[in-house]
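Q: I'll drop the sequence and a predicted model, then ask my questions.
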Amino acid sequence: MSTSTVTVRRIGKVDGPRRPDLTARLAAALKGLLSRKPRESSAGEATAKEAAMVRAMAHRHMSTDPGFAADLMAAADRHEAAANAR
């Protein structure tokens, strides 16, 4: 049976961050980002963005499944028309 030795070094107490100026700037930047109010978008902008995302999906499927792509395009059109009717 053999014995092995493990050496453990004790690290002294850390007083604070090594770069307090950098840490303070990062904390201030993060606080500024979190305290901003999100930009309010109108319902029309949200509808247009959703329809654009569906149309982009339709374009991706155009070559592999044209019927599905056409259904997606029609759904995007109906979504915009319903939103404009409100």
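A: Nice, thanks for sending it over.

Q: Only C-alpha atoms from now on, for both contacts and neighbour counts.
A: OK.

Q: what about Arg86, neighbour count?
A: 5 (other C-alpha atoms under 10 Å).

Q: mind listing what it touches?
A: Residues in contact with Arg86 (C-alpha atoms under 8 Å, 6 or more residues apart in numbering): none are found.

Q: Give me the pLDDT value at it.
A: Per-residue pLDDT puts Arg86 at 72.

Q: ok, it to His61 distance?
A: From Arg86 across to His61, the span is 30 Å (C-alpha to C-alpha, to the nearest Å).

Q: Over to Ser42?
A: On the measure of C-alpha to C-alpha, Ser42 and His61 end up 29 Å apart.

Q: One more: Leu72?
A: Per C-alpha to C-alpha, Leu72 is found 9 Å from His61.

Q: try Leu33
A: Distance from Leu33 to His61, by C-alpha to C-alpha: 38 Å.

Q: got the buried residues for stretch 67-78?
A: Buried residues in stretch 67-78, counted by 16 or more other C-alpha atoms under 10 Å: Ala69, Ala70, Leu72, Met73, Ala76, Asp77.

Q: contacting residues for the first one?
A: This means Ala69. Counting by C-alpha under 8 Å, 6+ apart, Ala69 makes contact with Met57, Ala58, His59, His61, Met62.
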